[in-house]
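Colleague: Just a sequence and a predicted model for now, questions to come.
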Amino acid sequence: MISVIVTTYNIEEYVEQCLRSVIGQTYRDLEIIVVDDGSSDGTREIINKVSSQDARIVPVLLPENTPGGVAVAANIGMATATGEYIGFVDGDDWCEPFMFEKLVTSAEKHGVDLVVGNFKNYDELTSSYYDASDKRHWLSGLPEDEFISGEAAKKSLLKFNPVPWRKLYNRAFIEKNAIRFPEGDYFYEDNPFHWFCVAKADGFSLVPEYLCYHRMNRVGQTMSSGDRRLLAMYEHHQTIHDWLKDGSLLELYKVELILWVVNNTCWIYDAIRDEFKGEVLASLSHALDNYDREFLGSTLVPGNMGDKGRKLADRALGDGSLSQGEGSKAKIVNNRHLGLVGDAVVYYKRYGVVETAKKIRSYLYARAPYKVRKVAGLLRRSHDTNNADENVVKSLKEIREHLEFQKLMHALSEEENEKMKDEVKKLREDVKKIKDSL
């Protein structure tokens, strides 16, 4: 039996779709534990309605909202679970009907502690789907539908998106290692949980099919807030650091943890409001104080970390130690030293024009201002409407594409690109092909 833990809080618009997708699974031996974290809207009434129609649903309705994110609710669900396996579903997401059948089949076939499936994001503003941020790890890495083990595999899996709701966990493994989500007044608890599970698991398997859909840009979502709650990631770094140290695992995963916290800083610095950017650098500085400066210099080198991450780390440290280190003086010998442009070149050489075009478009869209993304969604929906004025739609579409291309041109004009003019010239030719394919 699989214990499926569904966490909910004030999502009355979405919770029924979620629950229907779970009770409609082709794998029927489910215990569906729905933990509501003190909703004040109609969420609880919908849970009670659906649970009255399916005896497999176990409602756990907390009397009031707990501090922070979903950790308390998720841990209550894990304590309640009785199945051989544990799965998670966010209450505003939904699953393919074959999701848990695919996951449990892989778990039983390979006898693993953890199965990782694939997923797509769904943009609430634009009604569009796009690949998860870890797609590149699926494309160039670990074998699929096979038993995977070893430290190299674990270090690769640590780079995957940490979300628990596309995975299946062996409950005996979870209980043996006393793994739980850290509880506190913060968010992103899935990051430490991911590290705990990957570091302790003896075997894994990957299911490459898209198994579920994660809703993005809905009202109230933390990822869209831009406020200082994003700084919770640095508390989680300390939690992971201390847990690894206590378990004599820090030396084994120290490089990966440093790269993890600096990479997270890159997106946090972009996403957070300007008034909190100073706190981001201060928090990164505090995190990096856990490590020897010489070791930091040998870790944050081109090839391991892009220009942006190294610059942010240098600013956080405040003494120019990274820019003075041997690694930062290394001769530029490959395109990855060009930041975003270098990433585009590497991606193009590996996956070709079409995949690179999709990647660039996804990158630009995800970082566009809220209003731009909203207009893009309206354009897409109007384009699908039969009675829409074709000329207006065409003109607006051209404007949108022009804005996206101008943003790409801005990236291409970064000062670093002057160091490799020949590569930039070739890349401009490739960009034309990419633009034509958008």
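Modeller: It's in.

Colleague: List the contacts of the residue nearest the centre of the chain.
Modeller: The centre of the chain sits closest to Asn161, judged by CA atoms, centre = their mean, with a distance of 4.1 Å. The contact partners of Asn161, by CB atoms under 8 Å, 6 or more residues apart in numbering, come to 132-134. C-beta here means a position set from N, CA and C on the backbone, and glycine is covered the same way.

Colleague: Find the nearest non-adjacent residue to it, please.
Modeller: Among residues not flanking Asn161 along the chain, Asp134 sits closest, at 4.5 Å (CB to CB, 6 or more residues apart in numbering).

Colleague: Can you show me the strands along the stretch 151-300 of the chain?
Modeller: Under the criterion DSSP state E, counting those that start in this stretch, the stretch 151-300 of the chain contains strands at 167-170, 204-216.

Colleague: so which of those gets nearest Val15?
Modeller: When those are compared by CB to CB, strand 204-216 sits nearest Val15, at 11.4 Å.

Colleague: What residues sit buried inside that closest one?
Modeller: Using 16 or more other CB atoms under 10 Å as the test for burial, strand 204-216 gives 204-207, 210-216.

Colleague: now stretch 263-277
Modeller: Within stretch 263-277, judged by 16+ other CB under 10 Å, the buried ones are 264-269, 271-272, 276.

Colleague: That stretch: how far from the chain's middle?
Modeller: The chain centroid and the centroid of stretch 263-277 are separated by 15 Å under CA atoms, centre = their mean, to the nearest Å.

Colleague: Endpoints of it, how far apart?
Modeller: Counting by CA to CA, to the nearest Å, you get 15 Å between the two ends of stretch 263-277.

Colleague: Kindly report the same for stretch 19-32.
Modeller: The first and final residues of stretch 19-32 sit 9 Å from each other (CA to CA).

Colleague: average pLDDT for that stretch?
Modeller: Mean pLDDT, stretch 19-32: 98.

Colleague: OK, contacts around Asp145?
Modeller: Residues in contact with Asp145 (CB under 8 Å, 6+ apart) are 106, 109, 205-208.

Colleague: To clarify, my last question referred to Ile179.
Modeller: For Ile179, the contact set (CB under 8 Å, 6+ apart) comprises 193, 196-197, 200.

Colleague: Verify the stated contact: Arg228 with Lys277.
Modeller: No - using CB atoms under 8 Å, Arg228 makes no contact with Lys277, being 10.5 Å away.

Colleague: Thought His194 was touching His236, still the case?
Modeller: No - checked against CB under 8 Å, the pair His236 and His194 is beyond contact range at 10.0 Å.

Colleague: neighbour count winner among those two?
Modeller: Neighbour count, other CB atoms under 10 Å: between His236 and His194, His236 has more, with 25 against 22.

Colleague: Next one: the more buried one relative to Arg166, how far apart?
Modeller: 19 Å (CB to CB, to the nearest Å).
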